[in-house]
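Trainee: Sharing a model prediction with you, sequence too.
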Amino acid sequence: MAPIEKVEGRAIPFGLKNVDTDVIIPAKWLKTISREGLGKGAFETLRADPNNLFDQPEYRQAPILIAGDNFGCGSSREHAAWALGDLGIRVVIAPSYSDIFSGNAVKNGILPVVLPQSAIDRLMEVAATDPIHVDLDTQTVTTPFQDRFTFDIDPFRKMCLLNGLDEISLTEKSDAAIAAHEQMIAKTQPWLTPTLA
């Protein structure tokens with residue numbers, strides 16, 4: 001997955017509260033195991049309205065989504081993070097998230113930023129006309145109007161996002177240790193090691 005350090009651009013001023021994963025990506029899109037193409041189904045019900053935010057020219061390919069409280073609630077579908085990523089979203093800013101969605105977002109290269117509602121309200125205003133800048137290294141969200149909001153993030157999640165590490169990449173970093181352990185098991189407990197006939 002691509003590392004995240006700084007993300008700057010237009011932000012979609014979505015702001016709705018309690019947006020569940022079925023709104024993010026309806027169940028009919030869950031038949032695939034591919035991440036590609038799910039952006040077409042992202043927020044499909046809302047995008048049926050021709051005046052929806054997601055398809056407005058100024059927000060097309062916006063890398064930031066500003067959401068309301070409890071974003072990503074509902075089922076644990078990882079497809080929700082896949083759909084956001086395929087839509088071009090790298091950062092979601094909201095007052096709170098479902099724990100499962102937050103974990104899925106990080107594992108798929110999306111930074112979930114938690115800010116208080118007062119900051120969300122201000123960012124919604126700015127997003128209507130101007131870009132927003134998110135810096136993961138300094139853990140700040142800034143605007144061209146000198147607004148500066150700091151956010152907390154788990155250090156392990158921060159390290160994974162800064163380095164573009166998903167669970168497979170993390171495992172591969174331990175390849176030598178895993179190989180050494182397997183060799184030790186083969187020598188000390190050969191009955192656990194399958195033999196080829």
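Mentor: That came through, no problem. Fair warning: this is a prediction, and the values are worked out from it, not measured in the lab. Numbering: from 1, shown residues only.

Trainee: In terms of pLDDT, where does the closest residue to Gln117 other than its chain neighbours sit?
Mentor: Counting by Cβ to Cβ, 6 or more residues apart in numbering, Pro95 is the residue found nearest to Gln117 once chain neighbours are left out, at 5.2 Å. In short, each C-beta sits where N, CA and C put it, glycine included. With respect to pLDDT, Pro95 has a value of 98.

Trainee: try Met1
Mentor: 89.

Trainee: Distance check, the spatially closest residue to Thr143 that is not a sequence neighbour against Leu87.
Mentor: Leaving out its chain neighbours, the residue that sits closest to Thr143 by Cβ to Cβ, 6+ apart is Val126, at 4.6 Å. Remark: distance between Val126 and Leu87 (Cβ to Cβ, to the nearest Å) = 21 Å.

Trainee: Those two: who's more crowded?
Mentor: The neighbour comparison of Val126 against Leu87 (other Cβ atoms under 10 Å) goes to Leu87, with 22 against 19.

Trainee: Would you agree that one is in contact with Glu44?
Mentor: No: with contact defined as Cβ atoms under 8 Å, Leu87 does not count as touching Glu44 (11.1 Å).

Trainee: quick one, what contacts the residue nearest to Phe145 when sequence neighbours are not counted?
Mentor: Sequence neighbours aside, Val126 is the residue nearest to Phe145 in space, at 6.6 Å (criterion: Cβ to Cβ, 6+ apart). When contacts are counted by Cβ atoms under 8 Å, 6 or more residues apart in numbering, Val126 touches 11, 132, 143-145, 147.

Trainee: Show me which positions of the helix or strand harbouring Val126 end up buried.
Mentor: Assigned by DSSP states H and E, Val126 belongs to helix 117-127. If you call a residue buried by 16 or more other Cβ atoms under 10 Å, then helix 117-127 has these buried ones: 119-120, 122-124, 126-127.

Trainee: Now the element after it, going C-ward?
Mentor: The first helix or strand that comes after helix 117-127 along the chain, using DSSP H and E, is strand 132-135.
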